[in-house]
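Chemist: my questions concern the predicted model and sequence given below.
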Amino acid sequence: MEYLRAVRPLTLCCSVIPVFVAAAVCGIESFYHRNFSRVLGAMICVHAGANLVNIHCDFKRGVDNAALAEKNNNHTVLTQGTLSSPQILLLACLFYCAAGGLLYEPCIELTAVAREELVSTLILGMLLSFFYSADPIGIKYRGLGDVTIYLCFGPLLMQAVSVLLTGISQSSMTYYSIPTGIMNVAIIHARNSRDINDDSKARITTFAMLLGYQKSYTWYTFLITTAYIASCVIGIFCSFGVWLIVLTAPFGSSLISSFQKGQLKHLQMKTMRAYVILGFVYVLGILLSKNVNTFEFVERIDLANYMG
């Protein structure tokens with residue numbers, strides 16, 4: 001149970017949703033691709049590994065400690081002492097190795113050109129996820145965490161999924177990844193805004209610290225609003241079904257209102273919940289736009305298997 005807590009399972013939805021969005025853009029048949037489960041598992045493993053490295057580095061730098069954990073009701077296995085740093089780092093290595101193992105066979109099946117493009121994307125993504133908090137770089141401690149999160153949970157992840165499921169990269173993934181990337185940035189920014197004072201005492205720099213509280217609120221409002229605007233633009237020019245996201249607008253409005261009222265303690269989790277709902281509707285809208293009868297497709301698959 002402690003090992004499960006260590007990977008922060010609730011945050012893994014941030015990796016799952018972009019995978020589903022990318023698969024939806026590739027077409028509903030991508031969900032039945034034999035590599036889909038491997039791709040999904042690999043992305044979750046990379047995220048879990050990055051979470052573990054982050055827990056270790058935050059604890060080492062004093063960003064997370066028992067007093068702050070009690071204050072924010074955000075205990076980790078290290079602040080409670082139920083696991084040690086060596087155990088956390090070993091588990092992180094195992095997750096990164098598992099990701100590599102899951103992706104090995106799908107990579108081998110690709111053409112040389114596609115494989116080269118995929119490997120470069122995966123290496124960049126894994127390095128960013130690792131050095132997001134690991135020394136000697138510690139990207140997030142230098143005020144560059146938001147940019148890194150956008151890249152990792154946006155275009156890099158979704159392009160990798162595209163290549164793995166279709167054998168080619170798609171330029172459309174760049175703009176389809178905008179809402180998912182932005183919402184992931186909003187999740188991190190909500191936490192960093194809450195921790196501005198505590199992070200300054202730990203002598204690190206986050207983008208929220210550089211902005212200050214009032215401008216952080218403005219930035220958060222911009223992120224949530226832009227995620228919805230980007231979705232609507234995609235609905236106009238690419239996938240009309242994405243307009244369904246408008247139905248979730250009250251959730252976005254509630255998030256902005258919570259920040260304005262200074263209710264930051266649980267804002268990160270509230271933002272994550274809103275992202276899950278938005279992501280589900282986003283995937284559904286993309287699939288609807290492709291004029292595919294999902295149930296008819298499933299029936300065809302089952303019939304083909306029966307006849308075979």
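Modeler: It's in.

Chemist: how close does the residue lying closest to Met269 once chain neighbours are set aside sit to Cys232?
Modeler: Closest residue to Met269 in three dimensions, ignoring its sequence neighbours and counting by Cβ to Cβ, 6 or more residues apart in numbering: Leu10, at 7.7 Å. Every C-beta, even on glycine, is put in place using the N, C-alpha and C of the backbone. From Leu10 across to Cys232, the span is 28 Å (Cβ to Cβ, to the nearest Å).

Chemist: ok, Gly62 next?
Modeler: Gly62 sits at a distance of 43 Å from Cys232 (criterion: Cβ to Cβ).

Chemist: and Leu83, by the same measure?
Modeler: From Leu83 across to Cys232, the span is 44 Å (Cβ to Cβ).

Chemist: same question, Val25
Modeler: Val25 sits 17 Å away from Cys232, taking Cβ to Cβ as the criterion.

Chemist: which of the two has more neighbours?
Modeler: Neighbours were counted for Val25 and for Cys232 using other Cβ atoms under 10 Å; Val25 has more, 25 against 15.

Chemist: my guess is the residue nearest to Met269 contacts Met272. True?
Modeler: Yes: at 7.0 Å, Leu10 and Met272 qualify as touching, with contact defined as Cβ atoms under 8 Å.

Chemist: which one of those two has more residues nearby?
Modeler: It is Met272, of Leu10 and Met272, that has more neighbours when counted by other Cβ under 10 Å, with 19 against 11.

Chemist: so Ile286 versus Asn184, what's the distance?
Modeler: Look at Ile286 and Asn184: by Cβ to Cβ, they are 18 Å apart.

Chemist: tell me which helix or strand of the protein sits lowest on mean pLDDT?
Modeler: Among the secondary structure pieces of the chain, namely its helices and strands, helix 294-307 has the lowest mean (mean pLDDT, DSSP states H and E), a mean of 46.

Chemist: would you map the strands across the stretch 51-200 of the chain?
Modeler: For the stretch 51-200 of the chain, no strands turn up when DSSP state E, counting those that start in this stretch is the criterion.

Chemist: where does the stretch 1-150 of the chain have low pLDDT?
Modeler: Regions of the stretch 1-150 of the chain meeting the criterion pLDDT under 70 cover residues 1, 64-81.

Chemist: which elements pack onto the strand or helix carrying Ser37?
Modeler: For Ser37, the enclosing helix or strand under DSSP states H and E is helix 36-61. The elements that helix 36-61 packs onto, with contact taken as 3 or more Cβ pairs under 8 Å, 6 or more residues apart in numbering; DSSP states H and E, are helix 2-6, helix 13-26, helix 77-80, helix 85-108, helix 112-131, helix 155-166.

Chemist: with distance to Asp58 as extra columns, can I get those helices in CSV?
Modeler: Rendered in CSV, the data for the helices and strands packed on helix 36-61 read as follows (distance: least, Cβ to Cβ, whole Å):
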stretch, distance to Asp58
helix 2-6, 13
helix 13-26, 17
helix 77-80, 8
helix 85-108, 11
helix 112-131, 14
helix 155-166, 23
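
Chemist: quick one: which of those is nearest Ile256?
Modeler: Distance to Ile256, taken as Cβ to Cβ, is lowest for helix 13-26 among the helices and strands packed on helix 36-61, at 19.9 Å.

Chemist: buried residues in that closest one?
Modeler: By 16 or more other Cβ atoms under 10 Å, the buried positions in helix 13-26 come out as 13-15, 17-26.

Chemist: with that, I have no additional questions.
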